[in-house]
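Novice: coordinates for the following, if possible.
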Amino acid sequence: MKNVSFLIADDSQSVRSVVKSTIYDQLGSQRILSAVNGLTAKLILQKQAVDVVISDLDMPHLNGFQLLDFIRNHPKLKNTPFIMMASEDSKSFVVDAIEKGVTQYLVKPFTPERLEDAIRRAWYSSEQRRSARVSDLPPHRFQVSFMSQESVLGKIKNLSSSGMLFEVPYTDQIRLFDKCRISFSMPTSKAQDITIKELVYDIVRIEASSPIQEGVHVCDVAINLDTLESQPNCVNDLTKLMDALTLGGVKNRQVLDTSDDAKTELVS
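Specialist: Numbering: from 1, shown residues only. Prediction:
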């Protein structure tokens with residue numbers, strides 16, 4: 001992980017030193033930035049992105065949850081792995097933190113080994129989620145509009161955080177490299193629908209499919225997400241949906257504790 005960049009946010013110099021030493025000694029990375037509080041971390045992130053954020057909970061000016069909220073609502077930072085360090089170890093608090101978007105939770109005090117484990121888990125789970133493409137999707141409602149055309153119904157064949165492949169009746173309004181607008185609703189493992197009102201995509205591939213009836217053909221359309229054109233809240237909803245589809249919600253996220261038997265899988 002020598003090419004992975006880190007941002008450490010903690011108002012304690014000793015904690016920052018321990019985290020920095022662990023990253024350098026155990027992971028081989030020298031790409032480490034430090035912030036004395038959440039506000040300083042936010043200012044750093046507004047100027048440059050990093051691969052992993054490791055943050056304390058209780059900090060002056062901007063606490064860990066406020067920093068997390070900024071990251072998760074930023075179109076370019078929203079998928080950044082976020083490791084939270086805190087002394088609170090109650091299960092309800094940890095579950096709440098994870099549901100808010102914490103990738104890994106470390107209870108203070110922790111050993112360098114547990115920190116290293118949390119970093120590796122956060123980084124590799126994030127990499128897997130970014131590259132995950134989900135097919136065999138549950139029944140869903142899907143519609144798409146091309147150019148000025150009214151919305152037409154279709155079906156998503158596979159979905160990822162950066163694109164999708166869908167099936168739709170062919171129309172000459174579907175043009176390579178044009179943009180399209182997507183809205184859909186899909187149930188999650190918690191028996192709740194996540195509705196995404198509108199996302200903007202670029203059409204990157206069009207393939208003819210079999211006729212569904214006389215004179216009417218369907219085609220497969222591959223599209224890539226345009227995060228700059230899409231509303232941030234809709235992009236966040238897509239992230240939540242992918243999290244539910246690929247990770248099964250919080251139950252597959254790991255929570256790290258200080259006791260030997262406390263590396264627990266939370267079940268929602």
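Novice: which parts of the stretch 101-250 of the chain are helices?
Specialist: For the stretch 101-250 of the chain, the helices identified by DSSP state H, counting those that start in this stretch occupy 112-131, 232-247, in order along the chain.
Novice: what lies in contact with the first one?
Specialist: If I follow you right, that is helix 112-131. Residues outside helix 112-131 that contact it (Cβ atoms under 8 Å, 6 or more residues apart in numbering) are 1, 4, 18-19, 21-23, 25-27, 51-52, 54, 79-83, 103-104, 106, 160-162, 242-243, 246-247, 253-254, 256, 258. For the C-beta atoms, the positions are set from N, CA and C on the backbone; glycine is no exception.
Novice: what about the strands in the stretch 51-200 of the chain?
Specialist: Taking DSSP state E, counting those that start in this stretch as the criterion, the stretch 51-200 of the chain contains strands spanning 52-56, 82-86, 104-107, 133-135, 141-146, 152-153, 155-160, 163-169, 179-187, 193-213.
Novice: which one of these is the most hemmed in?
Specialist: The highest average neighbour count among the strands of the stretch 51-200 of the chain, using mean count of other Cβ atoms under 10 Å, belongs to strand 52-56 at a mean of 27.
Novice: Produce a ChimeraX select command limited to the buried residues of the contacts of helix 112-131.
Specialist: Typed into ChimeraX, the line below selects the buried ones among these, using 16 or more other Cβ atoms under 10 Å:
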select :1,4,18,19,22,23,26,27,51,52,54,79,80,81,82,83,103,104,106,160,161,162,242,243,246,247,253,254,256
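Novice: identify the residues contacting residue 30.
Specialist: Taking Cβ under 8 Å, 6+ apart, we find residue 30 in contact with 2, 24.
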